[in-house]
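**Student:** Quick one: sequence and predicted model below, then my questions.
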Protein chains: 4
Amino acid sequence: MSAERYAYLGPEATFTEAALLQYLDSHGLRSNASTQPMRNGAAALEAVLDGDCLAAVVPIENSIEGGVPATIDALTDHGQLQIIAEVVVPVRFVLAVKPGTDPSTLTSFGSHPHGEAQVRTFMAANFPDAVYLPTSSTAAAARDLANDAADHVAAVCPALAAERYGLEVLANDIGERQDAETRFVVVTRPGAIPAPTGSDKTTIVASLRSDRAGALLEMLEQFSSRGVNMSRIESRPTGDGLGLYQFSIDLLGHVHEARMADALQGVHRVTRSLRFLGSYPSAVETGVPLDPTTTDDSFSAAAAWLDSTLGR
Amino acid sequence: MSAERYAYLGPEATFTEAALLQYLDSHGLRSNASTQPMRNGAAALEAVLDGDCLAAVVPIENSIEGGVPATIDALTDHGQLQIIAEVVVPVRFVLAVKPGTDPSTLTSFGSHPHGEAQVRTFMAANFPDAVYLPTSSTAAAARDLANDAADHVAAVCPALAAERYGLEVLANDIGERQDAETRFVVVTRPGAIPAPTGSDKTTIVASLRSDRAGALLEMLEQFSSRGVNMSRIESRPTGDGLGLYQFSIDLLGHVHEARMADALQGVHRVTRSLRFLGSYPSAVETGVPLDPTTTDDSFSAAAAWLDSTLGR
Amino acid sequence: MSAERYAYLGPEATFTEAALLQYLDSHGLRSNASTQPMRNGAAALEAVLDGDCLAAVVPIENSIEGGVPATIDALTDHGQLQIIAEVVVPVRFVLAVKPGTDPSTLTSFGSHPHGEAQVRTFMAANFPDAVYLPTSSTAAAARDLANDAADHVAAVCPALAAERYGLEVLANDIGERQDAETRFVVVTRPGAIPAPTGSDKTTIVASLRSDRAGALLEMLEQFSSRGVNMSRIESRPTGDGLGLYQFSIDLLGHVHEARMADALQGVHRVTRSLRFLGSYPSAVETGVPLDPTTTDDSFSAAAAWLDSTLGR
Amino acid sequence: MSAERYAYLGPEATFTEAALLQYLDSHGLRSNASTQPMRNGAAALEAVLDGDCLAAVVPIENSIEGGVPATIDALTDHGQLQIIAEVVVPVRFVLAVKPGTDPSTLTSFGSHPHGEAQVRTFMAANFPDAVYLPTSSTAAAARDLANDAADHVAAVCPALAAERYGLEVLANDIGERQDAETRFVVVTRPGAIPAPTGSDKTTIVASLRSDRAGALLEMLEQFSSRGVNMSRIESRPTGDGLGLYQFSIDLLGHVHEARMADALQGVHRVTRSLRFLGSYPSAVETGVPLDPTTTDDSFSAAAAWLDSTLGR
């Protein structure tokens, strides 16, 4: 059997590839997978849409590598794709050099500007005279260094990049926010929605009908009246005119659960547009117990009561 | 064909009989109907439940004759009855005497205490020396007067009672609140729910789960999130313990409309108990336009969207 | 010192007088008090307004004696009175006769129609042939019997009436709903509001601005956003036109508490009219713990935060 | 008089400097101002905090240059700074070369990775063979080209950078999203809050108390119950533990308006922490009319009513 192909937001050896590998490992898919870096999120999604790849991994929240609004936009525009999983990866940088490099010769270092921003304190304390040279990605800093294609003598990059390109790690975990993490999603063509696990997320994008007072609250009431909680909400201007906002929202629960199906229908009614981007297992336990008034049993009992009341 | 029997909260010739006659006339049913006064609301409802009568008329709101909480209780307890119509009757009292009575001899008058309370201003101004003698109903004051079975020489009663018992009316509309009206409901055994007319009411009785903060708001949110408005709400202690409340509620809309069916299922989930007492045409136009996000079309579109999204 | 006068909804020896005596006893006021039955609630309130009486006791909820909407109306209209206390009295009827009466001669009994409605089961089981004769109050049945001014040979009345008029009690607690109770309020001229006790109620009457969707919820949100709970709510048509409702509401808390003062100001903003009828100690513990976000300390901290933020 | 110094997120000639110049021009401050690029947002804010600069300009929403979460973090951490104005700048890229360069020799171009992402379509269509070389900012691409310090022969940069460094513009507005714009804020030391203009914004950062169901809705209800609308909301994990979210929110209105002051106190009560970042004139008209129940007059009337009710 030929390998299944997976696309990801490239280049190689970034946190996004780390997320893809983590996904493949945890699902026992790695041995039969080939991975394909793509030049941007839209290209990764198109590779899936075209059938070139089975799935794509793109960042969706809090990425040190940027690209998150772009991911949401691309998913919203490519209306036929769905999220089937999420992967959370810790954001940890290493300082890497070619093997045998004397640290005293570390006069410059390369990284993506976002990586550099994370390690200023470490570099100022330990290599105050090292000059920063920008690269197009953190992984590119490692690759170009390994290939003698760079002016810098050290790279600030993910551990995966140092390993991939045979560099020597001088220091681990040199970023300022040691608890930083990035959330990625695994996207496929439309198909079976992953079965509910009891700890799931649902991602949607909704545009409010107008900027009238309370339009946002009206939408949120659709969730609260069915006991559906949010784990993320971001407003963004739609670009279609003054005061028109689009909301990217992660919900706790699965569209195959009655409270979610009911809430989404309510949101459909009260919003200008609604895109369902997928229901998938949550990467972490949410820790919020389900209100007994919002279980599937409670919804079934209510429907049975109504049927009985109406003599159906 | 034998006449259909209708029960009503007696005695004869009260506002309740007036409501029943108004109902029969407006539905073209009077020629084939016989009417039956019952000693209280529960008895009227039992006559329907037993099959002795086709329907019963009982007061439900703002009645000058009392009996309203009792009606709600009886309807809630007789779980197999349903409201199929409402009737609104103006509450207007007349001062009636035996034909030919000289007003200067009007030294006493009879009425139910509630009737007497409404005409104190008129009586004090016009017959300051007349003594009040209580009767068990406003109609009984007229009947007993006509039958020479009373000590009073005048009756404060509905126009219907004066007419029925052949009394002469000395003064019309002598109550203090000339805009007072009582709302009655027509109750039958369970059966077909009257078809939606576009201007309907739905009556329910619900008990909150507990007196936790927000339990009432949680229930009302089930209505507001589907755009369902209330026209009446009454809280009453359930008698089952501290802080447990039961709510008697009239809603604008019909259970065959999607927003109402959806809201009632939501109320079923979040309450301790829920009784549906009926959907029926509103006696008056409600004047509140339907929000376009809450029409049946909007609900259908939302369900179709979900089906399509889930590939069903 | 001359006695302080207290008015109550008469006649003498009803549950309302029982409520007044209970109030006087529990506040150590009985020895210096004279009590004055009034012909209706409005008259009782006027006696206070005129300065003839220090306070009045009138029924406000679930009264077997009726008069509750009338009480609310009278309080709302007499805009200068305030509620300073509530009293809850169990509604228990006795069957009383003149001392020495042989029960086998009990061929008739007198009571107010509401009293008769409560004892039908008992009377049918024990005195199936006794004829009911209406009286204008349950106490009047006892008084007239004692005074030989009645046709009935037994009275269904409060224990207080049997005792007051020297009757002999044949049976106690013969009502059908043995847990029935009536709530009364003690009303005075405007003056110092009773100090908060930590378990208080506040009574208001509010009219909604219009029958627009959500007007009621908008008002209730003023309570919920400050953590203020309701213990009673009744809607009533205002009589001013279609769809205009007035709400009579009891709230848990005291107007001297910040959450209540803030919520009432919010209600004032969003309603057409608002009447504050008083803050007073609750007759029973409410049992709902106060949310820490709604304590006076929490409100003070918020105000201090804002002052500090604004450099005030 | 010596010039007032203004800091901005550098380097020179970016959209951020364009925002600062736009601010100075519109307030007639440019002739007496000197501008100071800083290496990051935190440094710009520190320059203000230290008194080195009068104000700083940093991006806050939708920036093509990144740095937005960092700005919010820095503002939240530097608890003593306040936003006094916002500036909205269109994001438009030009393709610039050294004067006289023959377009046929355009074999490479430099830009920040975010700039490159915006012009891929244009470059692929017009210069398909041009190699992309990353720079640390879009302006740096122009500066280094002008200074002969770069390998690239063209720069994708703001018009301001092309002009500043004496480059020749080959093509204007070559980005893919022609309606893109970035929102910047002007930050000062604490001091007088800009007077309300009738069209203002207020920016806050709040952390929810816990991830209990409805915690977000509870916060939003503080706004809705006072008629305060949001124009932006972003959730971000606080990093302090599972399910703890921080919300960055822009509100329509000014803290000197009663509805905003009241709502912020409510938010203070129900949240774990609250930071007020400023009230300032909105850069665009919001177009949402003020509900008459939420005007300052309405709040004043409510406070006067309460004072009168309490006899104060």
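**Tutor:** Okay, I see it. Numbers count the residues shown, from 1 in each chain, chains lettered A, B, ... in the order given.
**Student:** For whichever residue of the stretch 51-200 of chain A sits closest to chain C, grab the count of nearby residues.
**Tutor:** In the stretch 51-200 of chain A, no residue comes nearer to chain C than residue A:177, which is 27.5 Å away by Cβ to the nearest Cβ. For glycine as for every other residue, the C-beta is placed from the backbone atoms N, C-alpha and C. Using other Cβ atoms under 10 Å in any protein chain shown, residue A:177 has 11 other residues around it.
**Student:** surely it meets residue A:118?
**Tutor:** Yes. With contact defined as Cβ atoms under 8 Å, residue A:177 and residue A:118 form a contacting pair (7.0 Å).
**Student:** so what's in contact with the two at the same time?
**Tutor:** residue A:91 (Cβ atoms under 8 Å, 6 or more residues apart in numbering or on different chains).
**Student:** can you list the weak-confidence ranges in chain A?
**Tutor:** Low-confidence segments of chain A, defined by pLDDT under 70: A:1-2, A:62-70, A:78-79, A:178, A:210-213, A:237-244, A:286-288.
**Student:** what residues go with each domain of it?
**Tutor:** A:4-90+A:180-188, A:93-171, A:200-296 (automatic domain parsing).
**Student:** For chain B, which of those domains is the nearest?
**Tutor:** It is, among the domains of chain A and with distance given as Cβ to the nearest Cβ, domain A:200-296, at 3.8 Å.
**Student:** That closest one and chain B in contact?
**Tutor:** Yes. For domain A:200-296, a contact with chain B is found by Cβ under 8 Å from any Cβ of the partner chain, at A:209, A:221-222, A:224-226, A:255, A:261-262, A:264-266, A:268-270, A:274, A:276, A:293-294.
**Student:** Looking at those, which are in helices?
**Tutor:** Secondary structure assignment by DSSP state H places A:221, A:222, A:224, A:261, A:262, A:264, A:265, A:266, A:268, A:269, A:270 of those in helices.
**Student:** residue contacts, the last one?
**Tutor:** So the one you mean is residue A:270. If a contact means Cβ under 8 Å, 6+ apart, then residue A:270 has A:209, A:215, A:218, A:219, A:222, B:293 as its contacts.
**Student:** mind redoing it with 6 Å?
**Tutor:** A:218, A:219, B:293 (Cβ atoms under 6 Å, 6 or more residues apart in numbering or on different chains).
**Student:** try the first one
**Tutor:** With contacts defined as Cβ under 6 Å, 6+ apart, residue A:221 is in contact with residue B:225.
**Student:** Can you list the residue ranges for strands in the stretch 201-312 of chain A?
**Tutor:** For the stretch 201-312 of chain A, the strands defined by DSSP state E, counting those that start in this stretch cover A:230-237, A:245-252, A:271-281.
**Student:** Please, which helix or strand holds residue A:95?
**Tutor:** For residue A:95, the host element (DSSP states H and E) is strand A:93-97.
**Student:** Okay, now the sheet partners of that strand, with direction.
**Tutor:** Strand pairing for strand A:93-97, determined by DSSP bridges: strand A:155-158 (antiparallel), strand A:168-171 (antiparallel).
**Student:** now it, how far from the chain's geometric center?
**Tutor:** 24 Å (Cα atoms, centre = their mean, to the nearest Å).
**Student:** following it, which helix or strand shows up next?
**Tutor:** Counting by DSSP H and E, the element after strand A:93-97 in chain order, helix or strand, is strand A:108-111.
**Student:** I would like the residues contacting that next one, please.
**Tutor:** Outside strand A:108-111, the residues touching it (Cβ under 6 Å, 6+ apart) are A:130, A:131, A:133, A:135, A:138, A:141, A:150, A:152, A:153, A:154, A:155, A:156.
**Student:** For the fourth one, list the residues it contacts.
**Tutor:** If I follow you right, that is residue A:135. Per Cβ under 6 Å, 6+ apart, neighbours of residue A:135: A:110, A:112, A:141, D:134.
**Student:** Provide the partner residues of residue A:158 in its beta bridges.
**Tutor:** residue A:93.
**Student:** Could you report the separation of it from residue B:159?
**Tutor:** According to Cβ to Cβ, to the nearest Å, residue A:158 stands 91 Å off from residue B:159.
**Student:** How about residue A:25?
**Tutor:** For residue A:25, the distance to residue B:159 - Cβ to Cβ - is 88 Å.
**Student:** ok, the two, which is more surrounded?
**Tutor:** More crowded of residue A:25 and residue B:159, by other Cβ under 10 Å: residue B:159, with 18 against 12.
**Student:** Mind checking if the helix or strand containing residue A:58 is in reach of chain D?
**Tutor:** Under the criterion of DSSP H and E, residue A:58 resides in strand A:55-61. No. Strand A:55-61 does not reach chain D (Cβ under 6 Å from any Cβ of the partner chain); its nearest approach is 8.4 Å.
**Student:** which other helices and strands contact the very next helix or strand once past that strand?
**Tutor:** Per DSSP H and E, the first helix or strand lying C-terminal to strand A:55-61 is helix A:68-77. Other helices and strands packing on helix A:68-77, by 3 or more Cβ pairs under 6 Å, 6 or more residues apart in numbering or on different chains; DSSP states H and E, are helix A:41-49, strand A:55-61.
**Student:** Please identify the most buried of the ones you listed.
**Tutor:** Among the helices and strands packed on helix A:68-77, strand A:55-61 has the highest mean neighbour count (mean count of other Cβ atoms under 10 Å in any protein chain shown), at a mean of 27.
**Student:** now the angle between helix A:68-77 and the strand holding residue A:58, please.
**Tutor:** 130 degrees (axes from the mean of the first three to the mean of the last three Cα atoms, to 10 degrees).
**Student:** CA atoms of strand A:55-61 as CSV?
**Tutor:** Backbone C-alpha positions of strand A:55-61 (Å, rounded to 0.1, in the frame of the first residue of the first chain) are rendered in CSV as follows:
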residue,chain,number,x,y,z
ALA,A,55,-5.3,15.8,5.6
ALA,A,56,-3.5,19.0,6.4
VAL,A,57,-2.2,20.4,9.7
VAL,A,58,-2.4,24.2,10.2
PRO,A,59,-2.1,26.4,13.3
ILE,A,60,-5.3,27.9,14.7
GLU,A,61,-4.6,29.5,18.1
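**Student:** ok, and what's touching that strand?
**Tutor:** Counting by Cβ under 6 Å, 6+ apart, A:6-9, A:16, A:19-20, A:41, A:44-45, A:48, A:67-68, A:71, A:182-188 sit against strand A:55-61.
**Student:** now do stretch A:168-177
**Tutor:** So stretch A:168-177 is contacted by A:92, A:93, A:94, A:95, A:96, A:97, A:99, A:118, A:119, A:121, A:122, A:162 (Cβ under 6 Å, 6+ apart).
**Student:** quick check, nearest of those residues to residue C:204?
**Tutor:** Ranked by distance to residue C:204 (Cβ to Cβ), those are led by residue A:118 at 56.8 Å.
**Student:** Skipping adjacent residues, who's closest to that closest one in space?
**Tutor:** residue A:175 (4.2 Å; Cβ to Cβ, 6 or more residues apart in numbering or on different chains).
**Student:** what's around that neighbour, how many residues?
**Tutor:** 21.
**Student:** Tell me how far it lies from chain B.
**Tutor:** 40 Å (Cβ to the nearest Cβ, to the nearest Å).
**Student:** returning to what we had before: buried deepest among the strands paired with strand A:93-97, which one?
**Tutor:** Of all those, strand A:155-158 carries the top mean neighbour count, a mean of 30, counting by mean count of other Cβ under 10 Å.
**Student:** can you give me how far that strand is from the chain middle?
**Tutor:** Worked out by Cα atoms, centre = their mean, strand A:155-158 lies 21 Å from the chain centre.
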